[in-house]
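Asker: any chance you can model this:
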Amino acid sequence: MLLPPPISPNHQIVTDPRALSGIVNACKDRVVAFDFETSGLRWWGGQLPVGYSLAVWPEDAPAPLAWYVAFDHRTVEPQCPEAPARAAFADVMNNASAIVAHNAKFDLNTGRAGGWDTGPTATPLHDTMIQAYLIREDRRFKLEKLAEEVLGDGTIYGDAWGASKAVDAWIIRRAKTLRLTKTAYLNRYGHAEVPVGLEGEYSCRDAAHCLYLHAAQHGDALAIGQPHEDQRAALYHNEMLLVRALADMEYTGQRIDTDRLSRLKRELEDEQGALATEMRRKFGTPAAFRWGNDNDVRDLLFTSLGLPVVKASKKTGEASVDRSVLLVLDGEHEGVADLMEWRELEKVRTTYTDSLIDKVDPNGRLHASFVQHGTDTGRLSSRGPNLQNIPVRSSGGKRVREAFVTDNGQARIYCDYSQIELRLLAWITGCRNLTEAYDSRAYMGLLDDRYGYESYRRRRVSEPSTDVHGVVAQSVFGADPADGDWKKKRRAAKIINFGVPYGAGPKLLSDNPQLRLSDREARKYFNEYHRKNPEIATTKQALFRSMLGDKWTRFVNWAGRTRHGPGLRHPNERIRAGAERAMFASLVQGSAAELTRFSIVRLWTAQQNGELPGVSTSTVHDEVQVDCQASDAAEVARKTQAVMEDFTGLFGSIPVIADLEITHTNWAEKEDYNGNE
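Answerer: Below you'll find the model as predicted:
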């Protein structure tokens, strides 16, 4: 049995409020690490701090000093009264020279939800998780794991997991006594019932580990001594402000019409029931047939009906029954269209009705968590829910979007980068067909300082719009808009244009059910595209050579962010090919993603300074959403667009353009907006 670790000599469990003044004095004008222990992870649902740890590292001390202040544990042990604990915490936060935390967004919002003062936003913040992500993105970022990998035996604790394992063992035993799973227990109680001494050692180690990691990682995160040090300094500063900006975005959230979602659930169930009845008639299946079970559907389509196998699953090798396969089989059986619709409705019903309602706070707001780390390309993502996965073109997805509503009297501005990955592909590769497609006399006038941004913005509106996919179809495939195959060739150009930044190959064309190209035709189109755009292949090869010539197997993008690709050296050809696709995708998509990350911080700063009368409430892919009073919509739209386009000259002659949309009701009803209405 795991025994609780003894209280380390440099830790103190604080239950007497008279000890707090000494902590405040010890932390004054120092770099302070902090960590809240909570009654659960849903800070927006009333699961709030039960204690906090603070840690500092005096110059002459061999290790950090840490304190745990318990005030709301559900135990019979002595604890510190909450009022003086709050006052002391506020004093520390407001007088720290800098603060350090791991996954700081959670602690900032947990504190804010509970009314805890986490200090001024001007105080420098260092998030050790984001530091680690800047140094090496292809690893895990749990605090103990990083402490084990980065610090090794360089702490006074020995096993980095010791206190964590002890708390975990206690929680598992407690959950069993209540006949709960560990997850169910944590969702209900968090760490509120953990004995103060045990939790205190765990929390103090977390805070101390943050200081250890900050000391070990800070220089590497800033790329000190590296050729890209100047770029990285700006990136580091932006990433740490992005922690605060995303925390505010999460805290604000967006209003959800839960009644609409409840009605939608009933509507979807009725529609699925009608579809199931129709499918039983068309397929001849029993009433108990499980339409959501892949094995059952696979047996029906390929064994019972003998339909052709389109492709196999990469993981299992079994015949795939995903949407792309069903689209191909649509003409093979009259029931396939109903099956696709049933499955689409099932995805929406299970993911975005009750599940979404469960994530809404008592005030009717949804607080999605935006993930700043861990993506392959550097793009931001979200969870709780994953906003990127709400179906775009289906009727079910549209009905989910109807539940994302604006507050009364408010508008929501959507500002989305236009074809940004294609624009960055043009700049990175110098591909003539693409760069010429983005030629803009108005932008050249801005670059030459012949007129300012507002004049440029007015002038570009009057420029004839360029169909970049049509340009590529004409220049690459010799297509003519008057020919009968124009739509097919333009669609192929569009698919390749958007697929190349992802490192995609010919299968992107042959798998597309609307094109219905054979493998041979797909290869012909793909090869012709690259023959007419040789700069793309040249750029890829130069990228891979440079990475293989680098001892870390890495590249650095325009913003100073590194991306590692050890798979480029793998002896297995398939793994190497996958690494090559991932690296090129990271170069293009990652370069584009930086614009969104910088823009969110710029918008947040303008909002903090009172220069933008709105508040950012969400981000999806390359889009930022800003809520404001309806009367301020024109000003907010214009300023938001100006901020997101303020990268003049950064990508040569390629303009960065952000499109505007607006709604006064809900997400599904947004419409194009010129910013002047």
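
Asker: the helix or strand of the chain with the lowest mean pLDDT: what's the following helix or strand?
Answerer: Least confident element among the helices and strands of the chain, by mean pLDDT, DSSP states H and E: helix 507-510 (a mean of 76). Per DSSP states H and E, the first helix or strand lying C-terminal to helix 507-510 is helix 519-532.

Asker: any idea which helix or strand comes after that following helix?
Answerer: helix 534-548.

Asker: got the buried residues for that next one?
Answerer: Across helix 534-548, burial judged by 16 or more other Cβ atoms under 10 Å covers E535, I536, T539, K540, L543, F544, M547. For the C-beta atoms, the positions are set from N, CA and C on the backbone; glycine is no exception.

Asker: with stretch 271-289 instead?
Answerer: For stretch 271-289, using 16+ other Cβ under 10 Å, the buried residues are E271, Q272, L275, A276, M279, R280, F283, T285.

Asker: CA atoms of the least confident helix or strand of the chain as PDB?
Answerer: Below are the C-alpha coordinates for helix 507-510, written out as PDB (Å, rounded to 0.1, in the frame of the first residue of the first chain):
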ATOM      1  CA  LYS A 507      -6.100   9.800 -52.700                       C
ATOM      2  CA  LEU A 508      -7.600  13.100 -51.700                       C
ATOM      3  CA  LEU A 509      -9.000  13.300 -55.200                       C
ATOM      4  CA  SER A 510      -9.900   9.600 -55.700                       C
END
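
Asker: tell me the buried residues in that helix?
Answerer: Buried, per 16+ other Cβ under 10 Å, within helix 507-510: L508, L509, S510.

Asker: which one among those residues gets closest to S203?
Answerer: Nearest to S203 among these is L508, at 49.2 Å by Cβ to Cβ.

Asker: the closest one reaches I495, doesn't it?
Answerer: Yes - at 5.9 Å, L508 and I495 qualify as touching, with contact defined as Cβ atoms under 8 Å.

Asker: report the beta-bridge partners for the spatially most central residue of the chain.
Answerer: Taking Cα atoms, centre = their mean as the criterion, S381 is the residue nearest the geometric centre of the chain, at 1.5 Å. Beta-bridge pairing of S381 under DSSP bridges involves V371.

Asker: can you check the pLDDT for it?
Answerer: S381 is assigned 91 on the pLDDT scale.

Asker: my read: it touches Q372, true?
Answerer: No - the criterion here is Cβ under 8 Å, and S381 misses it with Q372 at 9.0 Å.

Asker: ok, S97 - contacts?
Answerer: D29, R30, V31, T123, P124 (Cβ atoms under 8 Å, 6 or more residues apart in numbering).

Asker: the closest residue to it other than its chain neighbours and N238, how far apart?
Answerer: Among residues not flanking S97 along the chain, D29 sits closest, at 5.3 Å (Cβ to Cβ, 6 or more residues apart in numbering). Here D29 is placed at a distance of 26 Å from N238 (Cβ to Cβ, to the nearest Å).

Asker: OK, contacts around F141?
Answerer: M129, A132, Y133, H373, G374.

Asker: and for P64?
Answerer: So P64 contacts N10, A33, A55, V56, W57, A207, A208, L211, Y212 (Cβ under 8 Å, 6+ apart).

Asker: would you turn these into TSV with neighbour count, distance to E594 and secondary structure?
Answerer: What follows is the contacts of P64, written out as TSV (neighbours: other Cβ atoms under 10 Å; distance: Cβ to Cβ, whole Å; DSSP: H, G, I helix; E, B strand; the rest coil):
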residue	neighbour count	distance to E594	secondary structure
N10	18	40	coil
A33	30	28	strand
A55	30	32	strand
V56	23	34	strand
W57	21	33	coil
A207	27	31	helix
A208	27	33	helix
L211	23	29	helix
Y212	26	29	helix
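
Asker: and of those, the nearest to Q419?
Answerer: Nearest to Q419 among the contacts of P64 is A33, at 43.0 Å by Cβ to Cβ.

Asker: surely the closest one meets A207?
Answerer: Yes - using Cβ under 8 Å, A33 makes contact with A207 at a distance of 4.3 Å.
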